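[1] No letters, just coordinates:
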């Protein structure tokens, strides 16, 4: 692990922590979405954390930041902060909450949600 990777992980965790707070995610939801145990997530969100992310976790957090940014562009408050945690009748969700689908199906589903939200933003 390089020093640069440690910095990238720290920035990713900081950004993800902001999103977790904005979306009002529970510890269980935040940990599950990041593919971490709840205790690891608790340690990861401390300012002096030296948690190292796996490649899967880096990709998850990157995609989640992209989802967050796209929602900020596409919707207005309060929907920007609740879209991910509200039941959704869209084709990826079948009336489930996007967060629950993302946690259950992992990185491929998170990336699909990212593409879906990007398509919404572009009018596709």
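    Happy to help now that I have it. Given the structure is predicted, the values throughout are model-derived calculations rather than measurements. Numbers count the residues shown, from 1 in each chain.
[2] Please look at residue 50 and residue 6 and confirm they touch.
    Yes: look at residue 50 against residue 6 with Cβ atoms under 8 Å: they come within range, at 7.4 Å. From N, CA and C alone the C-beta is placed, and that goes for glycine too.
[3] Neighbour count: these two, which is higher?
    Between residue 50 and residue 6, residue 6 has the larger neighbour count (other Cβ atoms under 10 Å), namely 14 against 10.
[4] And the next helix or strand past the helix or strand where the more buried one lies?
    Residue 6 is part of helix 3-23, with elements assigned from DSSP states H and E. Tracing the chain past helix 3-23, the next element assigned as helix or strand by DSSP H and E is helix 27-34.
[5] elements contacting the helix or strand following that next one?
    Toward the C-terminus, helix 27-34 is succeeded by helix 38-44 as the next helix or strand (DSSP H and E). In this structure, helix 38-44 makes packing contacts with helix 27-34, judged by 3 or more Cβ pairs under 8 Å, 6 or more residues apart in numbering; DSSP states H and E.
[6] other SSEs contacting the lengthiest helix in the chain?
    Longest helix of the chain, by residue count under DSSP state H: helix 98-122. In terms of contact count using 3+ Cβ pairs under 8 Å, 6+ apart, helix 98-122 is assigned the packing partners helix 27-34, helix 55-74.
[7] Adding distance to residue 107 and mean pLDDT as columns, could you present the ones you listed in a markdown table?
    Converted to a markdown table, these look like this (distance: least, Cβ to Cβ, whole Å; pLDDT from 0 to 100):
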| stretch | distance to residue 107 | mean pLDDT |
| --- | --- | --- |
| helix 27-34 | 10 | 97 |
| helix 55-74 | 6 | 95 |
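[8] This completes my enquiry, with thanks.
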